[in-house]
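[1] My questions are about this predicted structure, shown below with the sequence.
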Amino acid sequence: MTGVRLAKAWLDLDEAAIAALPGQLGVYEIGDARGGTLELGFAGGRSRFGLRSAIAEAAAKHEAARRFRYEVTMQYWSRFEELLAVYLADHGELPPGNADRGEQRVGRLGVGPSCATGD
Amino acid sequence: MDFELSPEQKLILETVRRFVREEIVPLETDLDPDASELPPRHRERLVAMTKELGFYGLDIPEEYGGPGIDLTTRTLMAFEMAQHRAGLYAPCYGVFGGAGLAQLYEADDGQKERYLYPVLRGEKRGFFALTEPSGGSDPARAIRTTAVRDGDDWILDGEKTFISGADKADFGIVFARTDPELGRKGITCFLVDTDMPGFRVRRIVHTLRSTHYAAELEFNRVRVPGRNVLGEVNQGFAIANDRLSRNRIPYAAGCVGVALKAQEMAIAYAKTRKTFGDYLSTRQAVQWMIVDNEIDLRTARALTLEAAARADAGKPFRTEAAICKLVASEGAGRVVDRAMQIHGGYGMTKDLPLERWYRELRIRRVGEGPNEIQRLIVARDVIGGSFH
């Protein structure tokens, strides 16, 4: 069973790290220097170079972007939905880069701080 | 059985076919290949069009404002509506509207006010929770979620799995065991609000469908008022069963629709792709694949229409519904598989819809009752006896 959170190591956001990314499909998280999340996203079937181009484009939108992490998965869309729902359960709001999606369109998972058994 | 289309049916089908090819397919060029939703601006525009055409809310009974289309015509429309990339599970991205949960039409007046009408107005969303970790094919025996009476209320305890839409729903139709001694006659159907204390969406279950997922649910001493019993106490399984047979016909029709499009693509490609100096369509190996496709398609189409026609005529159709679900889901899988083979490497890519249909059609052999259960239903109906 996949853990519901994106439990991957953070990587520094620089050109070399981006160039080393795989061209596969998957999900990613863009973070700032203070440990905050700026955006959750996915590299879908229309992305030119999978995670490599998707993360580069997402990072370019955020001046404060300093680090990122990712997960390769073919179930990129449902995994993205899951990450949004988990983030909403944990923080009570969406990351700034996802705010235009609207919280009402994000699922409600019982995994937040109020749930003793949440993963 | 005569399936000559009436002039009205011809007009309806031509309208739907044009709608799919001119309004839906062009939008998919820019959408993610696994997308199951349209951007809101396109959705609103297309919903306005289907309302103008008089096709919105196709599956809503006429007395509740639906257009009153018979199941045969609805099946013919479903063949057309599935002929695009997202068409198997999201025909026309839902712009023809939904009917909500069929069981809500059996609700009492108060329940209709609180659940059915808000659903039809698009204000509330519901989910259907029958399957449990202990099994889904034999719910009458597998249901372990319990409901125990406590004054005027019921206390629900248990878990459900493979439930669609629960994380975004306002309420659910939940089946629980109310009498452990009575087997299938000891199950009751409840309307459970998702903000009732003790209800929890425990996790998302990822599947072959990237954009759609199921969920695992937990019921931990959920207190449900007695007025939320849907139908009669201990009669819940009949409510579940009525839905299952009827749903198998449009479920089969979606498979046929996708397969029709895959065959069209395979023929077109075979007529343009050359190998060793001549078109693929001249190669007997390819011709036979296309012929086998045609046989699978015509068989599935005819059996699906037969089931729909029997249902429209008020005749028993359980056997026919089981057969068409079985034949269409298996046949369509073979058609798409052969179409991928004809397309070669391109058939495996996300540039074409074939790989998505291939993944999603695999689910169709399990969804709405696995095909082994369909065979059991047919065996019971033609041989007699019961399941063991």
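    Everything's here; your move.

[2] what residues does chain A put near chain B?
    Applying C-beta under 8 Å from any C-beta of the partner chain, we find that chain A lies next to chain B at A:1-2, A:4, A:44-46, A:74-79, A:81-82, A:85, A:105-111, A:115, A:117, A:119. Heads up, the C-betas are built off the backbone N, CA and C, glycines and all.

[3] So which of the residues you listed sit within helices?
    Residues of those located in helices (DSSP state H): A:76-79, A:81-82, A:85.

[4] Out of the residues you listed, give me the two with the largest separation.
    Of all pairs drawn from these, the greatest distance, 15.0 Å, lies between A:Tyr76 and A:Ala85 (C-beta to C-beta).

[5] ok, these two, which is more surrounded?
    Using other C-beta atoms under 10 Å in any protein chain shown, the more surrounded residue of A:Tyr76 and A:Ala85 is A:Tyr76, with 28 against 25.

[6] quick one on the thing from earlier: buried among the residues of chain A next to chain B? Make that a PyMOL selection.
    Under the burial definition 16 or more other C-beta atoms under 10 Å in any protein chain shown, those of the residues of chain A next to chain B that qualify are selected in PyMOL by:
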select buried, chain A and resi 4+44+45+75+76+77+78+79+81+82+85+106+107+108+109+110+111
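
[7] can you list the ones in helices among the residues of chain A next to chain B in TSV and add pLDDT?
    As requested, those are exported to TSV (pLDDT from 0 to 100):
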residue	pLDDT
A:Tyr76	94
A:Trp77	93
A:Ser78	93
A:Arg79	95
A:Glu81	94
A:Glu82	95
A:Ala85	95
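
[8] Do you have the strands of the chain handy? List them.
    In the absence of a named chain, this looks at chain A. Counting by DSSP state E, chain A has strands at residues A:11-12, A:26-31, A:37-43, A:67-72.

[9] wrong chain, I was asking about chain B
    Using DSSP E, the strands of chain B run over B:126-129, B:146-150, B:153-164, B:171-177, B:187-193, B:199-205, B:214-225, B:229-230, B:274-275, B:278-279.

[10] Please name whichever of the ones you listed is nearest to B:Phe237.
    That would be, of those and by C-beta to C-beta, strand B:187-193, which comes in at 4.7 Å.

[11] Now B:Lys167: closest residue in space, sequence neighbours ignored.
    Not Lys; residue B:167 is Asp. A:Gly107 (3.1 Å; C-beta to C-beta, 6 or more residues apart in numbering or on different chains).

[12] Can you verify my assumption that the one you found contacts B:Ile163?
    No - using C-beta atoms under 8 Å, A:Gly107 makes no contact with B:Ile163, being 11.9 Å away.

[13] can you list residues touching both of these two?
    Shared contacts of A:Gly107 and B:Ile163 (C-beta atoms under 8 Å, 6 or more residues apart in numbering or on different chains): B:Ala215.

[14] Is there a neighbour count for the closest residue to A:Ala43 other than its chain neighbours? I'd like the number.
    Counting by C-beta to C-beta, 6+ apart, the nearest residue to A:Ala43 once its immediate chain neighbours are dropped is A:Ala54, at 3.5 Å. Residues within reach of A:Ala54, counting by other C-beta under 10 Å, total 25.

[15] how near is A:Ala54 to chain B?
    11 Å (C-beta to the nearest C-beta, to the nearest Å).

[16] which ones are touching that residue?
    Contacts for A:Ala54 (C-beta under 8 Å, 6+ apart) come out as A:28, A:41-44, A:47.

[17] That one and B:Gly333: what is the separation?
    A:Ala54 is 32 Å from B:Gly333, where distance means C-beta to C-beta, to the nearest Å.

[18] show me where the stretch 251-388 of chain B has helices.
    B:284-312, B:318-343, B:354-364, B:371-383 (DSSP state H, counting those that start in this stretch).

[19] Up against chain A, what does the stretch 151-300 of chain B have?
    Within the stretch 151-300 of chain B, the positions adjacent to chain A are B:167-168, B:194, B:200-204, B:206-207, B:209-213, B:215, B:218 by C-beta under 8 Å from any C-beta.

[20] check contacts around the residue nearest the centre of chain B.
    Nearest to the geometric centre of chain B sits B:Tyr251, at 4.7 Å (C-alpha atoms, centre = their mean). Contacts for B:Tyr251 (C-beta under 8 Å, 6+ apart) come out as B:325, B:328-329, B:364, B:367-368.

[21] wait, which of those is closest to chain A?
    B:Gly367 (16.2 Å; C-beta to the nearest C-beta).

[22] Can you read off the backbone torsions of that closest one?
    Main-chain torsions, B:Gly367, degrees, to the nearest 10: phi -60, psi 160.

[23] Buried members of the contacts of A:Ala54 into PyMOL, please.
    Buried members of those can be picked out in PyMOL with the line below, counting by 16+ other C-beta under 10 Å:
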select buried, chain A and resi 28+41+42+43+44+47
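
[24] low-scoring stretches of chain A, by residue?
    Counting by pLDDT under 70, chain A shows low-confidence ranges at A:1-3, A:112-119.

[25] if we can go back for a sec, ok, so what distance separates the residue nearest to the centre of chain B from B:Ala78?
    B:Tyr251 is 9 Å from B:Ala78, by C-beta to C-beta.

[26] just B:Pro39 next, same as before
    Separation of B:Pro39 from B:Ala78 (C-beta to C-beta): 24 Å.

[27] what do you get for A:Gly92?
    For A:Gly92 relative to B:Ala78 (C-beta to C-beta), the value is 41 Å.

[28] number of nearby residues for residue 103?
    Using chain A. 13.

[29] Chain B, not that one
    B:Gln103 has 21 neighbours, counted by other C-beta under 10 Å.

[30] next one: B:Glu52
    As a burial measure, B:Glu52 scores 9 neighbours (other C-beta under 10 Å).

[31] B:Met77 too?
    25.

[32] likewise B:Leu156?
    23.

[33] Ok, B:Gly135 next?
    13.

[34] Also the one 3 residues further on?
    The number of residues packed around B:Asp138, counting by other C-beta under 10 Å, is 13.

[35] Ramachandran angles for the spatially most distant residue from the centre of chain B?
    In chain B, the greatest distance from the average C-alpha position (C-alpha atoms, centre = their mean) is reached by B:Gly277, at 44.1 Å. Phi and psi for B:Gly277, reported as degrees, to the nearest 10, are phi 90, psi 0.

[36] Could you report the distance from it to B:Arg283?
    B:Gly277 sits 11 Å away from B:Arg283, going by C-beta to C-beta.

[37] ok, now B:Ala266?
    13 Å.

[38] which of these two has more neighbours?
    Taking other C-beta under 10 Å, B:Ala266 and B:Arg283 do not tie; B:Ala266 has more neighbours (26 against 15).

[39] residue contacts, the more buried one?
    Going by C-beta under 8 Å, 6+ apart, B:Ala266 touches B:289-290, B:293, B:338-339, B:342-343.
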